[in-house]
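Trainee: Sequence below, structure please.
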Amino acid sequence: MVVTIENNGASLKITEDGASRFVLKYQIREVEIVRDTIIKIDIGQGALNNIYFDQLDVTVPASPSVEALRDLIMGMLQTNVTGTSTEAKQTEEIGEIKILQGAVNDLKTKVNSLDDKLFFQPSLVDEGNANVVYNGFALPGSAVDAAVWAIQKVSKANGVYSYKWAGGTKSFDKIWNSRTALVYS
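Mentor: Residues are numbered from 1 along each chain as shown. Below is the predicted model:
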């Protein structure tokens, strides 16, 4: 019989002759040597549910003795604490949380604008040409020289209407004042 025991974070993966099972670390009550080279992992569900294996059958982790294997398994059960909490680290984390809060608030503003049917009614409409209409979509109060517009060009030729977007997308990254010079597709 070949046995491997691997640390899988919150569980131990125990594989015996190709069949694996995962034991959650919080379930393990005790790891002890019961006879010569036999190790018992007590999972607190009664004697018939405990896990037994011979140290001589364990290939991973390799160990020179049953005591060493028991200690290796106990080491796998320990949680690793990386770093220590300091006031500087807490201040840094608070700063990052504030940045995230600002980003979330910015997204809320944009979503609320979308709720106002942003794509159903343009903010600006240019009907200066008889066969072309430009529809500009942006957040209310956006500057016409800022790259925050999605611009649609509606053209009419021989009774057929064509609807195209600046740059081929509905992205809010165009300048309204440049609408006639943009490429539409």
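Trainee: name the element the residue lying closest to Val34 once chain neighbours are set aside belongs to?
Mentor: In space, and not counting its chain neighbours, Val34 is closest to Lys40: 4.8 Å by CB to CB, 6 or more residues apart in numbering. In this view, the C-beta of every residue, glycine as well, is placed from N, C-alpha and C. Assessed by DSSP states H and E, Lys40 sits inside strand 38-42.
Trainee: Alpha carbons of that strand, as PDB, please.
Mentor: What follows is strand 38-42, C-alpha atoms only, in PDB (Å, rounded to 0.1, in the frame of the first residue of the first chain):
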ATOM      1  CA  ILE A  38       0.900   2.900  13.100                       C
ATOM      2  CA  ILE A  39      -0.500   6.500  13.200                       C
ATOM      3  CA  LYS A  40      -4.100   7.300  14.000                       C
ATOM      4  CA  ILE A  41      -5.800  10.600  13.000                       C
ATOM      5  CA  ASP A  42      -8.800  11.000  15.200                       C
END
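Trainee: And the contacts of that strand?
Mentor: Taking contacts as CB atoms under 8 Å, 6 or more residues apart in numbering, the residues outside strand 38-42 that touch it are 12, 23, 28-34, 50-55, 66, 69-70, 73.
Trainee: Could you spell out the sheet neighbours of that strand, each with its direction?
Mentor: Sheet pairing of strand 38-42 (DSSP bridges) gives strand 30-35 (antiparallel), strand 51-54 (antiparallel).
Trainee: now the residue nearest to Val34, which residues is it bridged with?
Mentor: When bridges are taken as DSSP bridges, the partners of Lys40 come out as Glu32, Tyr52.
Trainee: what number of residues lie near it?
Mentor: Residues lying near Lys40 (other CB atoms under 10 Å) number 17.
Trainee: Please apply the same query to the one 5 residues further on.
Mentor: Close neighbours of Gln45, defined as other CB under 10 Å, add up to 10.
Trainee: what about the strands in this structure?
Mentor: Along the chain, counting by DSSP state E, strands occupy 3-7, 11-16, 19-24, 30-35, 38-42, 51-54, 58-60, 124-129, 132-137, 147-157, 160-165, 174-175.
Trainee: Listing partners with orientation, what would you give for the second one?
Mentor: Here strand 11-16 has these sheet partners by DSSP bridges: strand 3-7 (antiparallel), strand 19-24 (antiparallel).
Trainee: tell me which residues in that strand are buried?
Mentor: For strand 11-16, burial by neighbour count (16 or more other CB atoms under 10 Å) applies to Ser11, Leu12, Ile14, Thr15, Glu16.
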